[in-house]
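Asker: predicted model and sequence below, questions to follow.
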Amino acid sequence: MQTPIARGPGPARQALSGLLRLVYPPRCLGCDALVTTDFGLCGPCWRDTPFVAGLVCDSCGVPLPGEAGEGAEHCDDCLTITRPWHRGRAAMLYRDTGRKLILALKHGDRQDLARPLARWMAKAGAPILVPDMLVAPVPLHWRRMLKRRFNQSALVSAALAGHAGLDHCPDLLIRRRPTPSQEGRDRDARFANLSGALAAHPRRGGRAMGRHVLLVDDVMTSGATLAAAAEACRAAGAAEVSILVAARVARE
């Protein structure tokens with residue numbers, strides 16, 4: 001039997017794609033400057049995007065001094081605080097272009113940013129991604145969902161799951177009560193604010209039973225929200241929980 005030959009886009013489709021690029025050339029995600037590829041960054045924005053690389057804390061993904069070795073390393077916070085999850089990673093730090101992109105997605109209705117953020121997260125999270133993981137976003141309360149119209153973490157988690165070929169459950173968790181903003185609160189107040197706020201969805205929580213759940217969020221600061229989400233997953237029977245965020249707040 002003759003092996004079929006893989007074929008690329010036909011001439012008509014290629015011509016249409018070229019025409020669209022002439023009319024709508026690719027723009028930088030950060031500043032709208034012209035770039036050569038879709039969903040890319042220009043040189044200056046790339047230099048100002050604090051991607052996380054090298055040695056990182058194995059629990060929260062924050063960069064650490066030194067070079068990566070064979071064993072897992074942990075930051076001072078994760079040595080002090082008991083994290084209810086197994087491992088964690090972050091794609092970038094929450095400053096400069098990183099902060100700009102997160103705010104654009106979250107408050108600027110830039111839903112197109114979900115795909116590139118998910119691609120960067122998949123690269124940063126490669127050491128902790130395992131087969132048969134169940135990907136789930138940190139949930140919004142329904143009131144905030146009505147106001148914002150979408151959950152930015154769910155958009156990113158869906159794109160990440162698709163990119164990595166993993167199972168996705170956008171409503172694995174629910175936020176049982178509205179929680180005031182975490183902004184301006186110290187660490188203890190942040191954890192108290194989220195206490196008991198998250199739980200497994202009554203009809204979806206069973207999907208976590210015996211699974212390794214990957215929790216996805218846009219930003220990690222103290223880890224209070226992710227801790228509440230991880231505890232809800234464990235209460236639903238998850239075997240393991242790991243976390244992956246687009247950006248991590250870190251001390252200079």
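Answerer: Great, that's in hand. Numbering: from 1, shown residues only.
Asker: in three-state terms, label Gly196 for me.
Answerer: coil (DSSP: H, G, I helix; E, B strand; the rest coil).
Asker: nearest residue to it in space, please, no chain neighbours.
Answerer: Arg176 (7.3 Å; Cβ to Cβ, 6 or more residues apart in numbering). C-beta here means a position set from N, CA and C on the backbone, and glycine is covered the same way.
Asker: what sits against that neighbour?
Answerer: The contact partners of Arg176, taken as Cβ atoms under 8 Å, 6 or more residues apart in numbering, are 196-199.
Asker: next one: it from Ala126, what distance?
Answerer: 33 Å (Cβ to Cβ, to the nearest Å).
Asker: cool, Leu155 as well?
Answerer: For Leu155, the distance to Ala126 equals 21 Å [Cβ to Cβ].
Asker: ok, these two, which is more surrounded?
Answerer: Under the criterion of other Cβ atoms under 10 Å, the comparison of Leu155 against Ala126 puts Leu155 first, with 22 against 10.
Asker: so what's the more buried one closest to, chain neighbours aside?
Answerer: Ala114 (3.9 Å).
Asker: helix or strand next in line after the helix or strand of the chain with the lowest mean pLDDT, which one?
Answerer: Ranked by mean pLDDT, DSSP states H and E, the weakest helix or strand in the chain is helix 11-23, scoring a mean of 55. Note on helix 11-23: by DSSP states H and E, the next helix or strand toward the C-terminus is helix 43-47.
Asker: still on that earlier bit, my read: the residue nearest to Leu155 touches Ser153, true?
Answerer: No - with contact defined as Cβ atoms under 8 Å, Ala114 does not reach Ser153; the gap is 9.5 Å.
Asker: in terms of neighbours, single out the busier of the two.
Answerer: Neighbours were counted for Ala114 and for Ser153 using other Cβ under 10 Å; Ser153 has more, 26 against 22.
Asker: pLDDT value on the residue nearest to Gly196, please?
Answerer: With respect to pLDDT, Arg176 has a value of 90.
Asker: then Pro170?
Answerer: 97.
Asker: can you tell me the closest non-neighbouring residue to it?
Answerer: Ala154 (4.7 Å).
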